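Participant: no sequence for this one, just the structure:
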């Protein structure tokens, strides 16, 4: 008995201490709670496990999207089966599908129990109405608080703007008065020089009129001196008069930042969540016992895990002593009346179409498979059932739970990424021919090989999925070394497209290491030279290349011709500042790691702005120095942050899902991570640049 009690305790939710009534939900940390309690633990779209205190994000589908604990479900079925056998004294019996008449007493008890259930269920609507009313009040309070916050912030901004306006007008007046004073000073200087010139001219005219009388030596010397002075003044005026003036300017620095900051401030979101209202527990008063099972119903039950709506019998684990005695006597009377009241207890595992696909079921059908033990049928029931012989001999192969590793391999992307953060392998740092030197970019080749580019050499190194070095390829260099190989992508034709900003070109390299060609872009007048960085290829061979120096995305068609570009330096939506990473979504949109703007922007294939997410910071959903981006086949985005020294996963809608990594040199830590790619089997491969290695997470 003690072991049974201990086993029953294991089947209780650690929060409400009640046995699981609905499907038990398993958190990423592997602890199990009931769905109702999980709803109460949601805070800021995440849940902190009460057992281990690990924080887990809520999946996009809400709490209901957490996976069911299949092992706990099996234990519950076993426990309820054993409890039902204990209370009835008989093994589970098969259901009788043929309608059977019931006595008036049975029908009255059934009606009595049904009415009790209906009265109980009405409380659900009352609670739901109360909950909705409370939700309306919370919405009103939130709206008022949000409106007040917006008004306060923008009024504060308006006050700062007014203050700045007054200061600038005051500065203008001060500089204007100083400029006027300098002009007046120069005016006085000019007037003094003019008066000196006038006196000299008068003296020269007098000497000129007296030139006939100039005879003495003194007169001659005076004339020579005056002429020399006049010539000196004339020579000084040939170069013009220098005036010490002031140039007045109004420099509108920071205008783009100001407008972008105001336009981008604030974001109002609504996250849907499911809140379940459960009916109250069924009273256990002996005056109104649970009604018997009406076996003539079209929907028949398949075990003690039945709800009160289906079979009008409480789960066996919750029966009181009075109810147990009543049920036993009821069973004996109905046996005498040849009315089968026993329920067949099936160890049943419903397998939905989705679970069949996950476990390799190729039929695509959702018919449940049932394991049925040998059933004992009383003789009376055999006479009344046309199917008694088939029921007595029926036995179906049990359904085995899928292997845990197989479930993990096919689990939803959100669940897989939410539990990610454990490094599986690392390579490139331990010397030998596979030694990496500041790896900058990584790509997965069609055969699963990982191609990694070096930032300190013009080399591409190939590794298998275990991190073992396979081959090194050296590309031709030209001119002074500066950046190395900064981007890599796989062309649908099978070769690699490698960014080489030192050569101002895209190099087309075969998997054997042969350079098959070079692609260059002719920039417009006034632009910097082509500086390729991150690169992505569509299934049609169209290439999207980050031109980091010109803050643009260059579009090259399948033949390698430059056909268009979009972006341009700025902070407004659609503008870029040193883009270093680019990737394509499953629907063909272009995602760009806008590095210096600390955000990711989504564009149409033609370059039209779609949306943006992320802002500068180190919290969940914030970015600092996003350097590369990779998108899996479901649209989930992995972004490496070289300044935050971490990797962040976003949903296809741009909502943050999980963050892992921090600054350091241990496994799972980063030092300025750059290149990133998501492999076809869901692994996240990261170039840990300053640690001279590549880390793989799954």
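Facilitator: Nice, thanks for sending it over. Worth saying up front: this structure is predicted, and the values here are computed from it rather than measured.
Participant: what residues are up against the closest residue to residue 617 other than its chain neighbours?
Facilitator: Excluding its sequence neighbours, the residue lying closest to residue 617 (C-beta to C-beta, 6 or more residues apart in numbering) is residue 624, at 6.7 Å. C-betas here are computed from N, CA, C, even on glycine. For residue 624, the contact set (C-beta atoms under 8 Å, 6 or more residues apart in numbering) comprises 598, 616, 617, 618, 641, 643, 644.
Participant: which helix runs longest in this protein?
Facilitator: Criterion DSSP state H: the longest helix present in the chain is helix 104-209.
Participant: same for it, what does it pack against?
Facilitator: Applying 3 or more C-beta pairs under 8 Å, 6 or more residues apart in numbering; DSSP states H and E, one finds that helix 104-209 contacts helix 217-238.
Participant: touching stretch 173-187 from outside, list them.
Facilitator: Residues contacting stretch 173-187 (C-beta under 8 Å, 6+ apart): 243, 244, 245, 246, 248.
Participant: what do you get if the cut-off is 6 Å, keeping everything else the same?
Facilitator: 243, 244, 246 (C-beta atoms under 6 Å, 6 or more residues apart in numbering).
Participant: export those residues as a markdown table, with columns for pLDDT and distance to residue 72.
Facilitator: Compiled in a markdown table, the contacts of stretch 173-187 are given as follows (pLDDT from 0 to 100; distance: C-beta to C-beta, whole Å):
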| residue | pLDDT | distance to residue 72 |
| --- | --- | --- |
| 243 | 77 | 92 |
| 244 | 76 | 89 |
| 246 | 77 | 82 |
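Participant: so which of the residues you listed are in helices?
Facilitator: Among the contacts of stretch 173-187, no member falls in helices (DSSP H).
Participant: can you redo these as JSON lines with neighbour count and distance to residue 483?
Facilitator: Shown next, in JSON lines, are those (neighbours: other C-beta atoms under 10 Å; distance: C-beta to C-beta, whole Å):
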{"residue": "243", "neighbour count": "12", "distance to residue 483": "50"}
{"residue": "244", "neighbour count": "9", "distance to residue 483": "48"}
{"residue": "246", "neighbour count": "12", "distance to residue 483": "45"}
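Participant: out of those residues, the closest to residue 24 would be?
Facilitator: The shortest gap between residue 24 and any of the contacts of stretch 173-187 belongs to residue 246, at 79.5 Å (C-beta to C-beta).
Participant: ok, the closest one - contacts?
Facilitator: Residues in contact with residue 246, defined by C-beta under 6 Å, 6+ apart, are 179, 182.
Participant: let's see it at 7 Å
Facilitator: 178, 179, 182 (C-beta atoms under 7 Å, 6 or more residues apart in numbering).
Participant: gap between the last one and residue 513?
Facilitator: I take that to be residue 182. 70 Å (C-beta to C-beta, to the nearest Å).
Participant: also residue 635?
Facilitator: Taking C-beta to C-beta, one finds residue 635 at 33 Å from residue 513.
Participant: any regions of the protein where pLDDT drops low?
Facilitator: Counting by pLDDT under 70, the chain has low-confidence residues at 1-7, 83-103, 106, 120, 211-217, 271-412, 478-479.
Participant: list the strands paired with whichever helix or strand residue 565 is part of, with their directions.
Facilitator: Assigned by DSSP states H and E, residue 565 belongs to strand 562-567. If you go by DSSP bridges, strand 562-567 pairs up with strand 552-556 (antiparallel).
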